[in-house]
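Participant: Here is a sequence together with a model predicted from it:
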Amino acid sequence: MWKSRLYFLLGCWLLILSGLELIPLFTAAILSEFAAFQALFSAFILTVLIGGALFLGFRSTEKIRIPKLTIILPVAGAFILAWGAGLPFFFLFPDEGMVPALYEGMSLITTNGTSAYEGLIREGGYSIELWRGLASWIGGFLGLSIILSFLTAMNIGGLQLHRSPLAFGDSEAGYPRMKATAHTLLPLYLTVTACCMFFLLLSGVTFADAVLLAFGIISTSGFSPELSYNFNNIGTQIFTIIFLIVSISNWDVQYAFWRRKKLDHSMHSELRTSLLMSGMLLLLLIYVMPVETFRTFIDHAFAVISSVATFGLYPEAYTKTVSNSVDVSIILLVGAGIGGAVVGTSGGLKQLRAIVVFFAGKAEVERLAHPHSVKGIIYQKDDVQRSDIEAVWLFLGGFVFILAMGTILLGILGIHFQDALSMSFSALTLSGPIIDIVDPDFGGFTGLQDADYFILTFLMMIGRIEVSLFFALFSKALWRG
């Protein structure tokens, strides 16, 4: 029964994706981009046929909510949407095969931002770039919905400590909650995206670039390095910094603020720690590379926020200046590794876990000084239980294990260790474009073996759905239930 419900939901997701595909399809028709139009039209027809077949074939299935469906739906959904998002690239570049197209789709849906078709994308024209931006944008929104409806409702790596101010924030998990979350947050997501486009236009960015940049900024995907020349403008950099900060903060808290709901100051703890960490990294960056002009200061600030947001794009001149600096690479990697808030579009370990680890460490130090003292950890006015702390440590251990396994497997397939580590880290933290700074000798993602693409595809999927949820798939209790 749960399989029938799963197929129905996957069909719904594919139909939504095919509806969005009409936007770049009509754009290709208007701009007379015939190759792109054929690829998008073929992908649209195939997506509609398969999505429609699943929807119609299983629409009469009973609505059920069981742990097995709750855990499998995000995983299966990520792969089916990655397949759908990558289809236009398969039809546009058929000689490259289906595996790079699947990698491309997963990179977009998970907001990683890297591409298996570097140097080839522009052959498809603006409509293909628009599809990449739109797929990344919907991937960011899908990530928010999954986090609020599945991950924070289960004991997934400590994310259950997040207390959503939404009315259904503590209701039962699963697809009904995801649907309610999407309906609630979509108006805000659209409004913030439109505001980002508007301010980018004010800073002098062309309309075509403003649309693509806004999609990338709000989803923190950094999917188009070709647009980095726009960041040579200080005004564009400042507006990008502002909207990246909005993107990495908790969107459910933003919604409550938007609706003028009374919020406790503890709801903003992750935003405060994000800004505090960014400030500390900025000071370190200034110490390593002293500021000589206001422009240099803005470049440093942009680099730090871009890394924390796992956006990964930087001004062209700045990338060339710092690409050989180990100190700068370490600073930016720390920012990308931790990432933003729980209900943000960024990747990384998340600020909540950094807060829990910090206070757990502080409590242990105080216990050494006062062995008989009893002092708990408080987060958002709730006691942090021992099981919550153990869940965070389990996640961190799993993260390191998956990172090591990805690096080893890529190394076995013949990739240099530094490249393998950089690729695994950027895939798992969803900070793809940052690899250009931390590994300047990296040759790009084009032309890799199919096995390499498969490994990186899995790493990106795990980075979006969380390591703990991935490990739950191997639980015997799950498959017995």
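Facilitator: All right, it came through fine. Numbering: from 1, shown residues only.

Participant: quick one: the residue nearest to residue 339 when sequence neighbours are not counted from residue 196, how far?
Facilitator: Counting by CB to CB, 6 or more residues apart in numbering, residue 348 is the residue found nearest to residue 339 once chain neighbours are left out, at 2.0 Å. Just so you know, the C-beta spots here come from the backbone N, C-alpha and C atoms, and that holds for glycine as well. To residue 196, residue 348 is 21 Å away according to CB to CB, to the nearest Å.

Participant: Please apply the same query to residue 28.
Facilitator: As for residue 28, its distance to residue 196 is 24 Å (criterion: CB to CB).

Participant: Then residue 331?
Facilitator: 26 Å.

Participant: Backbone dihedrals for residue 430, both of them.
Facilitator: Phi and psi for residue 430, reported as degrees, to the nearest 10, are phi 60, psi 40.

Participant: Low-confidence stretches in the stretch 151-300 of the chain?
Facilitator: Scanning the stretch 151-300 of the chain for pLDDT under 70 picks out the ranges 153, 155, 167-175, 265-266.

Participant: Can you show me the strands along the stretch 351-481 of the chain?
Facilitator: 378-379, 382-383 (DSSP state E, counting those that start in this stretch).

Participant: so how far is the first one from its chain's centroid?
Facilitator: Distance of strand 378-379 from its chain centroid, counting by CA atoms, centre = their mean, to the nearest Å, is 26 Å.

Participant: do the last one as well
Facilitator: Put simply, strand 382-383 sits 28 Å off its chain's centre (CA atoms, centre = their mean).

Participant: Please apply the same query to stretch 337-345.
Facilitator: Shown here is stretch 337-345, whose average C-alpha point lies 9 Å from the average C-alpha point of the whole chain (CA atoms, centre = their mean).

Participant: Show me the helices in the stretch 1-150 of the chain, by range?
Facilitator: 2-30, 34-58, 67-92, 98-109, 126-146 (DSSP state H, counting those that start in this stretch).

Participant: Mean neighbour count, those: which tops it?
Facilitator: A comparison of the helices of the stretch 1-150 of the chain by mean neighbour count, using mean count of other CB atoms under 10 Å, puts helix 98-109 on top with a mean of 26.

Participant: Going by neighbour count, list what's buried in the helix or strand containing residue 334.
Facilitator: In this assignment (DSSP states H and E), residue 334 forms part of helix 326-338. Within helix 326-338, the residues that qualify as buried are 328, 329, 331, 332, 333, 334, 335, 336, 337, 338, counting by 16 or more other CB atoms under 10 Å.

Participant: now stretch 307-323
Facilitator: Taking 16+ other CB under 10 Å as the basis for neighbour counts, the residues of stretch 307-323 that come out buried are 307-315, 318-319, 322-323.

Participant: how far does that stretch stretch from start to finish?
Facilitator: Between the opening and closing residues of stretch 307-323 we find a distance of 14 Å, counting by CA to CA, to the nearest Å.

Participant: now that stretch, how far from the chain's geometric center?
Facilitator: Mean C-alpha position of stretch 307-323 versus that of the full chain (CA atoms, centre = their mean) differs by 18 Å.

Participant: now swap in stretch 388-408 and tell me
Facilitator: Centroid displacement of stretch 388-408 relative to its chain, using CA atoms, centre = their mean, is 18 Å.

Participant: what's the burial count for residue 430?
Facilitator: Residue crowding around residue 430 was assessed by other CB atoms under 10 Å; the count is 29.

Participant: what sits against it?
Facilitator: 110, 111, 112, 113, 220, 310, 346, 347, 348, 460, 463, 464 (CB atoms under 8 Å, 6 or more residues apart in numbering).

Participant: buried residues in the helix or strand where residue 209 lies?
Facilitator: Residue 209 is part of helix 207-219 when elements are defined by DSSP H and E. Of the residues in helix 207-219, those buried under the neighbour-count criterion (16+ other CB under 10 Å) are 209, 210, 211, 212, 213, 214, 215, 216, 217, 218, 219.

Participant: Stretch 351-358 now?
Facilitator: For stretch 351-358, a neighbour-count test (16+ other CB under 10 Å) marks 351, 352, 353, 354, 355, 356, 357 as buried.

Participant: The fourth one reaches residue 340, doesn't it?
Facilitator: Right, the one you point to is residue 354. No: using CB atoms under 8 Å as the test, residue 354 is too far from residue 340 to be in contact (10.6 Å).

Participant: Tell me how far the residue nearest to residue 37 when sequence neighbours are not counted lies from residue 137.
Facilitator: Distances taken as CB to CB, 6+ apart put residue 28 closest to residue 37, at 3.9 Å, once the chain neighbours are dropped. Distance, residue 28 to residue 137, by CB to CB: 18 Å.

Participant: again with residue 128
Facilitator: Look at residue 128 and residue 137: by CB to CB, they are 15 Å apart.

Participant: And for residue 382?
Facilitator: 33 Å.

Participant: closest to residue 376 out of the helices of the stretch 1-150 of the chain?
Facilitator: Across those, residue 376 has its closest neighbour in helix 67-92 (29.3 Å, CB to CB).

Participant: Which of the buried residues of helix 326-338 lies at the shortest distance from residue 283?
Facilitator: For residue 283, the closest of the buried residues of helix 326-338 turns out to be residue 331, at 10.0 Å, with distances computed as CB to CB.

Participant: Name all residues that make contact with the closest one.
Facilitator: 281, 284, 285, 288, 304, 307.

Participant: Now flag whichever of those is closest to residue 67.
Facilitator: Using CB to CB, those come closest to residue 67 at residue 307, 35.9 Å.

Participant: wait, that closest one sits on residue 329?
Facilitator: No: shown here, residue 307 and residue 329 do not form a contact pair, counting by CB under 8 Å, at 10.1 Å.

Participant: still on that earlier bit, dump the buried residues of helix 326-338 into a markdown table; add pLDDT and distance to residue 361 as well.
Facilitator: Below are the buried residues of helix 326-338 laid out as a markdown table (pLDDT from 0 to 100; distance: CB to CB, whole Å):
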| residue | pLDDT | distance to residue 361 |
| --- | --- | --- |
| 328 | 88 | 27 |
| 329 | 87 | 26 |
| 331 | 91 | 21 |
| 332 | 90 | 24 |
| 333 | 90 | 21 |
| 334 | 91 | 17 |
| 335 | 92 | 20 |
| 336 | 91 | 22 |
| 337 | 91 | 17 |
| 338 | 92 | 15 |
